[in-house]
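**Student:** My questions concern the predicted model and sequence given below.
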Amino acid sequence: MQADQREDLESEIEEVSKSIQKLSFSVELLARELYYYKDIRQEANQHYLKYSHNTLVQGQPLELIDGDNLQFMEDIKKTLHQYDNKDEDLLVVSVLGPQSAGKSLLMNTIFGAQFLSSAGRCTKGIYCSLLTYEHRGRKKNILILDTEGIQSANARDKYFDRRIVYFVLCVSHVVLFVNNGEMNSEMADVIMMVNEAVKNTEEEFIKNPSIFIILNKMSQVTFSTASDCVKILKDKQNKEE
């Protein structure tokens, strides 16, 4: 197959995938309607809390930030508070990166989560999934956050990347930055800008989350490649100082 034929075929597959995605009907749309309906009927709030609790217990993904309106599903906090108390520990692990970098697939592979992942499908908003286990007689909970891709050519607005990265860094203990190929200056700008914002905030968020950079879709990651990545970040930091 010639290169131009392959590109045409890949482009056609992407268009068909997007069309299928637009026609798909997912359960989170019903959950979202139930959440907003609570403002009209009080009993809907209890139904939504029950739904969110059951979804997390079953290990299914739950919409944390509405992907269409970018609104935080406020009532989920009541459900999550059950897993962060004197008898249990809660660790928040998030993933960030550009679109189609394999973020959802990575979290599914590491944690056995069930985030939807397929060619042509992109996460919108932020989804969460809960992993529970016991260690030395104490219950441990890992809240996994799968986020919408940043650095998109069709970004909602110029502040979208900053808001979503800032939110993730503020609420996470561990952040995985997944990048397609080697670290570029644009991604380094996002990391350094938001990292500085978190350091200077006066709010009591999680301090100094552990950040890991994953260079995805590379045939080989050598010591030289990793060193270049660190160098780019250090250069950005030195410029800002």
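**Tutor:** Cool, got the structure. Numbering: from 1, shown residues only.

**Student:** need the contact list for the spatially most central residue of the chain.
**Tutor:** By CA atoms, centre = their mean, the chain has its centre lying nearest to Thr147, at 2.1 Å. Applying CB atoms under 8 Å, 6 or more residues apart in numbering, one finds that Thr147 lies in contact with Ser94, Val95, Leu96, Lys103, Thr123, Ile126, Ile164, Val168. Backbone N, C-alpha and C define where each C-beta goes, glycine included.

**Student:** give me that answer again for 6 Å
**Tutor:** Contacts for Thr147 were tallied using CB atoms under 6 Å, 6 or more residues apart in numbering; they are Leu96, Ile126.

**Student:** And the one 4 residues further on, by the same measure?
**Tutor:** With contact set as CB under 6 Å, 6+ apart, Gln151 has these partners: Pro98, Glu186.

**Student:** The same query, at a cut-off of 8 Å, please.
**Tutor:** Taking CB under 8 Å, 6+ apart as the test, what Gln151 contacts is Pro98, Gln99, Asp161, Glu186, Met187, Val190.

**Student:** What about those, which are in helices?
**Tutor:** Asp161, Glu186, Met187, Val190 (DSSP state H).

**Student:** Write the PyMOL selection for whichever of those are buried.
**Tutor:** This is the PyMOL syntax for the buried subset of the ones in helices among the contacts of Gln151, where burial follows 16 or more other CB atoms under 10 Å:
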select buried, resi 161+187+190
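
**Student:** and of the ones in helices among the contacts of Gln151, the nearest to Phe177?
**Tutor:** Met187 (7.4 Å; CB to CB).

**Student:** List the beta-bridge partners for the nearest residue to that closest one once chain neighbours are set aside.
**Tutor:** Closest residue to Met187 apart from its sequence neighbours, by CB to CB, 6 or more residues apart in numbering: Asn179 at 5.5 Å. Beta-bridge partners for Asn179, by DSSP bridges, are Leu215.

**Student:** surely Asn179 meets Leu96?
**Tutor:** No: when contacts are counted by CB atoms under 8 Å, Asn179 is not listed as touching Leu96 (9.4 Å).

**Student:** Which neighbouring elements make contact with the longest helix seen in the chain?
**Tutor:** For the chain, the helix that runs over the most residues, judged by DSSP H, is helix 3-23. If contacts are counted by 3 or more CB pairs under 8 Å, 6 or more residues apart in numbering; DSSP states H and E, helix 3-23 sits against no helix or strand.
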